[in-house]
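Colleague: just need the structure, nothing else, for what follows:
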Amino acid sequence: MRTMLSVLFLVLAMNFTSSQEAWTLKKDMDGIRIYTRSVAGEDIKEYKAVTWVDAPMEAVIQELLTAPDYLNSPLPDVSYLVSENSNSEYVFYLKKELPWPIRDRDVVTSLKIAHRDQQHCKLILKASPDRLPESKGILRVKELMGHWLLETTAEGKTKVVQQLFFDPEGTLPDFLVNSLLVRGPYQTFSDLKRSVSR
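Modeller: Numbers count the residues shown, from 1 in each chain. As a prediction, the model looks like this:
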């Protein structure tokens, strides 16, 4: 989960849609592919990141769900587990301190295991802004939607796909937001590969 949520604020963008725009490959390096596409009615694009890790699917799932328990005074850039329940839903919190004059942001994200078997797993992401009280001076991300798709390959590796779109709230230059759609996911997937690969 640490690697999953770190991308949310590196990207600083998004709001999921079923747009049928074609994906455009923006980066293909070190076995990581990053695609973006336009979203109807939005200036901000969504992204899709794809890689293959030399680890079983269960190890990837464990990494995505691992985070320290939430604290009343959370540190920035640390993903915290707020709660989990018997319906395979996990709630996480992350605060990001941004350089002046940009206001700091935070996000409360629900991650739900929608499907899981021996070969495949789908985890749904959505904003859950009302799960925690808002903090003074920090903008709360209210719109976020996406998913992780995991698939065991014939070689025993795991194909990992993340698709995400969210609205960072407030005023940020669209060109800046869209420029981060490649850098953020690439760093997240690089970290994930280092964390779980055999």
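
Colleague: C-alpha from now on. contacts and neighbour counts both.
Modeller: OK.

Colleague: what segments of this structure are strands?
Modeller: 24-29, 32-37, 46-53, 80-84, 89-96, 105-116, 120-127, 139-140, 143-152, 158-167 (DSSP state E).

Colleague: so in the chain, where's the weakest helix or strand by average pLDDT?
Modeller: Sorting the helices and strands of the chain by mean pLDDT, DSSP states H and E puts helix 2-11 at the bottom, at a mean of 50.

Colleague: quick revisit: need the strands of the chain in a markdown table with mean neighbour count and mean pLDDT, can you?
Modeller: Shown next, in a markdown table, are the strands of the chain (neighbours: other Cα atoms under 10 Å; pLDDT from 0 to 100):
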| stretch | mean neighbour count | mean pLDDT |
| --- | --- | --- |
| strand 24-29 | 13 | 95 |
| strand 32-37 | 21 | 94 |
| strand 46-53 | 23 | 95 |
| strand 80-84 | 19 | 94 |
| strand 89-96 | 22 | 93 |
| strand 105-116 | 21 | 93 |
| strand 120-127 | 20 | 96 |
| strand 139-140 | 20 | 94 |
| strand 143-152 | 21 | 94 |
| strand 158-167 | 23 | 92 |
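
Colleague: export these as CSV, with columns for distance to Leu65.
Modeller: Listed next are those as CSV, based on distance: least, Cα to Cα, whole Å:
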stretch, distance to Leu65
strand 24-29, 26
strand 32-37, 21
strand 46-53, 17
strand 80-84, 8
strand 89-96, 8
strand 105-116, 9
strand 120-127, 10
strand 139-140, 22
strand 143-152, 12
strand 158-167, 15
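
Colleague: wait, which of those strands is closest to Val196?
Modeller: Val196 lies closest to strand 46-53 among those, at 7.4 Å (Cα to Cα).
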